[in-house]
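S.K.: predicted coordinates and the sequence they were generated for:
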Amino acid sequence: MSQSRLDRLGFDTQFATDEQLAALESLSDAEIELLVRIKGKLDDASGDVEGHSVEAGGVVW
């Protein structure tokens, strides 16, 4: 599958299902613009949360 327009905008869609990707690809330009603005705000506020991940069912710091 070719790279989605959301991937090109910095969204990680590698774990999205085909149905989810189809829904995302059907979004209008205005909806995509809104998602990009929301992602920017979330990225700006992420701070130390970026250091957390889930490994084998548990949270790792």
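M.R.: On my side now, so go ahead. Remember, it's a predicted structure, so these values are computed and weren't measured experimentally. Numbering: from 1, shown residues only.
S.K.: check what pLDDT Gln3 gets.
M.R.: Looking at Gln3, its pLDDT is 67.
S.K.: same deal with Gly47?
M.R.: At Gly47, pLDDT is 67.
S.K.: number of residues surrounding Leu6?
M.R.: 19 (other CB atoms under 10 Å). Any C-beta I mention is one placed from the backbone N, CA and C, and that applies to glycine too.
S.K.: now it: which helix or strand?
M.R.: Assessed by DSSP states H and E, Leu6 sits inside helix 5-8.
S.K.: run through who's touching the helix or strand following that helix.
M.R.: Following helix 5-8 in sequence order, the next helix or strand is helix 18-25 (DSSP H and E). Helix 18-25 is contacted from outside by Met1, Ser4, Arg5, Leu6, Thr13, Ala16, using CB atoms under 8 Å, 6 or more residues apart in numbering.
S.K.: helix 18-25: what's the following helix or strand?
M.R.: Following helix 18-25 in sequence, per DSSP H and E, is helix 29-45.
S.K.: which residue is nearest the middle of this structure?
M.R.: In the chain, the C-alpha nearest the mean C-alpha coordinate belongs to Phe11, at 3.8 Å (CA atoms, centre = their mean).
S.K.: look up the pLDDT of it for me, please.
M.R.: 85.
S.K.: contacts only, for it.
M.R.: Contact partners of Phe11, counting by CB under 8 Å, 6+ apart, are Ser4, Leu35, Lys39.
S.K.: can you rerun that using 10 Å?
M.R.: Ser4, Arg5, Leu24, Ile32, Leu35, Val36, Lys39 (CB atoms under 10 Å, 6 or more residues apart in numbering).
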